Each structure stands twice: as C-alpha cells, then as structure tokens.
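Undergrad: Could you work out the structure for the sequence below:
(chains A and B)
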Amino acid sequence: MPETPNAPGAPAGASIEAEALTKVYKGSALPAVDAVDLTIHAGEFMTLLGPSGSGKTTTLNMIAGFEEVTSGRILLDGDDIARLPPYRRNLGMVFQNYALFPHMTAAENIAFPLRQRKVGRPEIDRRVREALELVHLGEHADRMPTQLSGGQQQRVALARAVVFAPRALLLDEPLGALDKKLRESLQLEIARLHTELGITFVFVTHDQEEALALSDRIAVFRDGRIEQVGTPAELYERPVSRFVATFLGDSNVFAGTVRDGRLDTGWCSLTTGTAGASAAGTGPAALVVRPENLRLGVAADPGANTLSATVTDVVYQGAFRRVLVRFDGGGAGQVRDTAGTGGAVAAGDRVEVGWAAEAGVLVPDDEPAATPEPEPAAAR
Amino acid sequence: MAVTSDTSAPPARTGAPGRVPPPRTSPRRVAVRGVALLAVPAVVVLVVFFVVPALRLLWLSVTSPEPGLGNYAALVTDDVAVTVVLRTLGMAAMVTVVCLLVAYPYAYLMSLVSGRWRGLLLAVVLIPFWTSLMARTFAWVVLLQDNGIVNRALDTVGLGPVRLLGTTAGVTLAMAQVMLPFMVLPVYTTLRGIDRRLVDAALSLGARPVVAFLRVYLPLSFPGVAAGATLVMVLSLGFYVTPSLVGSPQQSMLAQFIAVQVNQLVNFGGAGALAVALLVVTLVLVGGVQLLTRTKGSRRATGAGVAGGALV
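TA: Predicted structure coming up:
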C-alpha cells in the first residue's frame, strides 16, 4: 500500500473504468444502474450529473464498495475491484452529511485512516497537521465536529479522505448541505485540492452549475444510463439530446419535425443550421437555443431565424436581464440580454427575436410528450 | 405568560455562517420561569410521598430503638446484612450484564430492519412489559420447577435436571426477562440515532468491519447502554417480587431482607438503615454513570442517552 504523501512526482491518480456496470435492487424490475460504461482518466475531475434516481449515486457507491455490483466490472488502474470490500479499495470518500465521527476531534478524525494503516505516531501527527493546513483548519485540530460550522466540517472530511494518499477521491454531493455562499467557496477549495493533489476526483451532484464550474468532464445520467459524456463546453454547446440540453443551463426548445433541412414546429419553420443535424435525423426533433444566443431585434445575416414575440416579463438580474417572451403562434422563450440592447423593453412590448442559424443545436426530441411547446428550461 | 421571553436569544455563533448544527437544547436551559408552575403537582407528590417518608426512614434509622448510629454499626458488622448487600449488588450486576448481552444485539437488529419488522420486534419486547409482573413471575415459578418445562427440556438433551427454582441462577434468569425492556428501549433509541454512514465512512477509511464497529459504532451507542444499564441496575437493586417468589429466603436480596426486618422482626431502625444504604448505593451508581456520560458527553453533543432514559 503506497504510503508516500503526494510529493511532486509521486504517482498521480488512478484511472477508473466501469464496464457494463449494472445494479438491480431486489424486488425492482428496472435496474438502478443499467450497463454503464464509463472511463475516468487518471487525475481527471469527473462529475456524475443527473436528477435524483438517475443512478449516479448508486454508481459512486458501487465504486466505493458500499453497494454490491449486480454485474459488470470496475477497474482501478486495470485491476477489477468490484468484489473487494470497501476497506480494501483505498479510495477516499466524502459524504453529503460529512460523516465525521462525532466522538472524535477534527485531528482524531483525520488520524483515523492512518491508524488503520498502522502509521507511526510521529508520522501521524505530521500528516494530520499537513492535512489540516491543506484545508486551512490548522487552529481547529482539537475541536469536536459539533463545534465546527458545516463548511469547516466538510473541510475536515476532505482532509480525512485524502490524508492517506488515496489515488482517487469520491465525493457524494459534498456541497449539498451547505448554503449558496459557502457552496461557492468550497467549490473553489475542491478545485484547488484537485490541482494540488493531482489525484482522480469522482464527484456526484445534481447541481448543473457546480458540474460546469468544477469538472474536466461530465457524465450525464438518466434512468440508470449515461446520456452523454463530455467536457462542460461540449455538453453545453453540443448536447446530444433534449434532456441534456435542458438539464444543463437554460434553453429555448423548439420541438417539431425536420423536413428539408428545416424544423417545422407546427407554428413556425426554422433554419436548423448544421450542428447535430445528422444526429437528429428525421422524426421528432428539437432545436435548442441558449438564451444568451438570442438577440432582441431582426437577425441580420441571411439564413438566420427571426420570430415575432410579445415581452411578458423582464427580470433584472444584475449583470443581465432575462427577457421572457411569448412567440406569436405559440410557445414561450427567454432572452438573456446582457448589452442592454433594446434599452427600455418592458412587459407588453412587441419585439423581434432572432438568432444565427449556427447558434441552434438540433437534437432528437427524447421527451416529446412532456413538453409540447417551446419553453424555457427550469428558470434558476 | 411572556411567550416572547429573552430566552429565545439567537443561537451561539459557530464560526463561519454555515449550516447551523442541530440545536443543542437542554430542557433546563430553555426553562422559562412561568413554566416552573407546571412542576408543582409533581413536586407536591414527590415531597408528600417520597421525601417525607424517606426523611422519616432516615430519622428512624438513627433513633430507633435508641438514638445513635447503632443500626449502621450493626449493618456493617452483621455478616448476614453484609452478605445480603453484596449478594444484591452481585445479582443486580449479573442481571444487568445478561440484559445487555441479550438486548444489544436485539436492539441492533431492530435498528436494521424496517417498518413492519421493527414494529413486530418492538411488540415482542413490550407485550411482556404490559402483562402483570405477578403473572410473569408465577409463570417463571412454573417454568423453573424441578419437573418444569425448562428442566424437562434440559433433561431431553441430557443436561438436567438442574435445580433452578430458589437458586441465584433462576432468579437472575427471571429478573433479566422482567428487566429486558428497560435495556432494549434506551439502547434501541440510541442505535436508531446513529448515522449508518459513519460506519461506511470508517470502512472507506480502511477500517475492517469489526474495527468500524468497535471504534465508531460502539462508542456512539454508549449513552444508550449507560442509560439502560443504570435503569436495570437500579431497579434490580430494589427488586422484591421476583426474587421472593422465584428465589429462596436463604438467597434473599436486600428488599426481601428489609421486608423480613419490618414484617417479622419489627426492627424499623434496622430496616431504615438498610433502606438508606440501598438509597446511597443507588445514588452512587447513578452519579457515577452520570459522571461517566458527562465526560464522554462533553466530547459529543447527544441527547440520545437522555432520550433513552426518558423513554421508559
């Protein structure tokens, strides 16, 4: 078992591969995780993102060893660990509710994994001190968990999970219990830890903003399967399905059918551009346009789309204004208006909304029944 | 009554503005003066029916038959009395240990299973609790007879017959059964409150299951064990019905011995001294456990032990 702290040049993180990983709970017909294939590169920050019940946490728990694998393999640097008990996997784990031992001080909590590994007393003291420094809690060594704030508790939990130099750190919605302000500062902390330690991070969240901000790559889970894996930019700019498009960030979605390179929504005909067109093929499709790509005013270039609409509301958000519109013929949309163009638009105003053809992404409409009309994805 | 009293001050700041840890409200701290009136009936009952008789007993023990500490001197020098006190302590400790050994795994099982099963397990503990103590004790007399069911069962497997009725073993067995709910309930309450993810955390940090149990789960269950053990121990020390029916006068416990002093020897002073001794032993025990939980408790904020005690 490697006991060397992560000095520069020390072996970096391990790669983790899931092969046809499946979990079926007893008495349940549908698998919670359904033949998931996922490769997490060594040293990568991989986020498993998805709504609750999508299988992301079950997947993480199988990697950690808390859930038995129904079938499939989990390879850690090529070795199958799927049948190893959790205490033999040597993976750090951070829990949503911190899971600090309430009867031990911060320092004792952090010393726990080292004691299990029979590290000598002076060595333990030194590494505990280093770990506390790493998370900026040097003065809080002798506090009990209840004497620490939520953010401090989670930082102790982080220190405890990395002090034994695991080659990967698994994080199960670690920021879920914290308020917004604290969540943001801990996000930075986690990003910094990832850079400093250089080990593989597997991060589970349902918060798409968090996923976009932190990850090297994101795997979007849906109904026990992975819908798409990619960098945050890939997922945001080139989603492969309407589900991914609406789950990450706000979207204007125009659902319809593709005919002759145009999308017929039943109330308007739109230029689809090229992106994703092949993936969508024929049949039900949705054109996804991000609010920041919509402009108030007639689009200048030919081949662009312009729709007439009525402003229903203007929401001031500081750096930008969210202009909510209702298109003539049907459907609502939203424009993220940063420049203040159109200056004094107000509810009830008639406007033209336009976007360049390449700003829209055509995706297969995988949830046609759920939302028959174009609509802004869940407003934040 | 001033509802908006200043006792509802904002909770103490806990460093950075984070999720506020679960409030550590002690009933004592939130008490509002007006609310103290609620305690009056209980205080009256206690004073009239406990404090006054207890003081009277204390008074008798130093005045009857003649003033002085003669009764206490007799208690310490009388071999029979010393034996009875020691036996009582030993039996109570034995009953406590037996209860703990039976109750802990049972309570652990209760904390693991869900819904319907938990209700069933709870009912199994509570139904005897709700039936008459006399009925249960007589049932034990029947069971433990020389040709009773227990002995016949032992005989079948070639272990019997063993004399059980009127022996310390028989009394311990019957008392443990009577006391079991007092151990199961507080222990269960505490176990139910232990976050199972803590064990997962210990495993993920490299602890084997046994180590995770001993280093994490067991220490966290201590308040419930302490509460249950105190209850069983204290109740056992003064137990009268079961020892006198199942046991024998030769193996009598303190309560029986006191009864003999009063009913047969009309030695109120001696009985008083014994009762005071019992009270002192009990207080020392309770105080000791309190002290032990306090030192542990100061290191962890938990109401589990208190809750467990309050449950019964």
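Undergrad: Identify the residues contacting whichever strand or helix holds A:Ala35?
TA: Assessed by DSSP states H and E, A:Ala35 sits inside strand A:33-40. Contact with strand A:33-40 is made by A:15-23, A:46, A:55, A:58-59, A:62, A:72, A:200, A:202, A:219, A:223-226, A:229, as judged by C-beta atoms under 8 Å, 6 or more residues apart in numbering or on different chains. Where C-beta positions appear, they are placed from N, C-alpha and C, glycine not excepted.
Undergrad: go with 6 Å
TA: The set of residues external to strand A:33-40 that reach it, using C-beta atoms under 6 Å, 6 or more residues apart in numbering or on different chains, is A:16-18, A:20-23, A:46, A:55, A:58-59, A:219, A:224-226.
Undergrad: Name the residues that touch stretch A:220-237?
TA: If you take C-beta under 6 Å, 6+ apart as the criterion, stretch A:220-237 is touched by A:31-34, A:36, A:49-50, A:54-56, A:212, A:215, A:217-219, A:240-241, A:243-244, A:248-249.
Undergrad: could you give the angle of the helix or strand just after the strand holding A:Ala35 to strand A:33-40?
TA: Once the chain leaves strand A:33-40, the next helix or strand it forms, by DSSP H and E, is strand A:45-49. On the basis of axes from the mean of the first three to the mean of the last three C-alpha atoms, to 10 degrees, strand A:45-49 is oriented at 160 degrees to strand A:33-40.
Undergrad: Could you tell me how far strand A:45-49 lies from the centre of the chain?
TA: A distance of 6 Å separates the centroid of the chain from that of strand A:45-49, by C-alpha atoms, centre = their mean, to the nearest Å.
Undergrad: and the helix or strand following it, what does it pack onto?
TA: Sequence-wise, the next helix or strand downstream of strand A:45-49 (DSSP H and E) is helix A:56-64. Secondary-structure packing of helix A:56-64 (3 or more C-beta pairs under 6 Å, 6 or more residues apart in numbering or on different chains; DSSP states H and E): strand A:168-172, strand A:200-205.
Undergrad: Of all those strands, which one is nearest chain B?
TA: Among those, the nearest to chain B by C-beta to the nearest C-beta is strand A:168-172 (8.0 Å).
Undergrad: how near is B:Pro181 to chain A?
TA: B:Pro181 sits 27 Å away from chain A, going by C-beta to the nearest C-beta, to the nearest Å.
Undergrad: Would you agree that residue falls within a helix?
TA: Yes. If the criterion is DSSP: H, G, I helix; E, B strand; the rest coil, then B:Pro181 is within a helix.
Undergrad: what's near enough to touch it?
TA: B:Pro181 touches B:125, B:129, counting by C-beta under 6 Å, 6+ apart.
Undergrad: The one 3 residues further on too?
TA: Contact criterion C-beta under 6 Å, 6+ apart gives B:103, B:106-107, B:125 as the residues in contact with B:Val184.
Undergrad: of all those residues, which comes closest to chain A?
TA: Closest approach to chain A among the contacts of B:Val184 (C-beta to the nearest C-beta): B:Ala107, at 18.9 Å.
Undergrad: three-state assignment of the closest one?
TA: With three-state DSSP as the basis, the three-state label of B:Ala107 is helix.
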